[in-house]
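K.L.:
Structure, please.
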Amino acid sequence: MERKKRSRIVILLILLIALLVGSVYYYFLTHQTAPNVVAGETDGKSGEFVKDMSEKEFEELLQSKADKSEVRLKMNSDMVFESSLEVGEVSILNPASNQYAIRVQTTIDGEKKVVYDSGLIKPKQYVSQGKLSTTIKKGVYKTQNLVTYYENDKAQKKVGETLVVGQLSVNN
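P.N.:
Okay, here's the model as predicted:
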């Protein structure tokens, strides 16, 4: 009898210890806190590699980050051609601050046919003249310029598009 009682107490103690270990394990598993990390801390030498930025360096860093998050384009949305068969004035600039290649395709408002296509313009490139891809009668036309931004200079991945309203003048 005494032996049975003792074995029950031992089993009960083992179960209590297992329950306690399981509870502690569960608590630490679900209540983890992020470790305190100090930049540049190695072997207790706190701040050894941390340096202060000058105001100018800080502004340049912020501007660099802003430039990477924006797409830029300089474009005169008014195109002028003496006739639809001649080279005309087109002004498109992809500035160096832009990290994307661009392509401008122009349609006359209300029509689907592309009348001008710039081709791919890489950063630091510009177009000052162009040729219409179709014959257009003399007149002034409202246009829509679809600007497409590409991640690289092979136009494999489109990043976005912008629509710029403009004007096309054909003088003869």
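
K.L.:
need the helices for this structure, in chain order.
P.N.:
Under the criterion DSSP state H, helices of the chain are mapped to 2-30, 55-69.

K.L.:
Can you flag the weakest of the ones you listed by average pLDDT?
P.N.:
Ranked on mean pLDDT, the bottom entry among the helices of the chain is helix 55-69, at a mean of 78.

K.L.:
residues in contact with it?
P.N.:
Outside helix 55-69, the residues that touch it by C-beta atoms under 8 Å, 6 or more residues apart in numbering are 53, 97-99. Where you see a C-beta, it was placed from the backbone N, CA and C, and this is true even at glycine.

K.L.:
one more time with 10 Å, if that's ok
P.N.:
Residues from elsewhere that reach helix 55-69, judged by C-beta atoms under 10 Å, 6 or more residues apart in numbering: 51-54, 95-99.

K.L.:
Run through this structure and note the low-pLDDT ranges.
P.N.:
34-50, 67-71, 153 (pLDDT under 70).

K.L.:
same thing but 80
P.N.:
Within the chain, the ranges that satisfy pLDDT under 80 run 1, 31-51, 63-73, 152-156.
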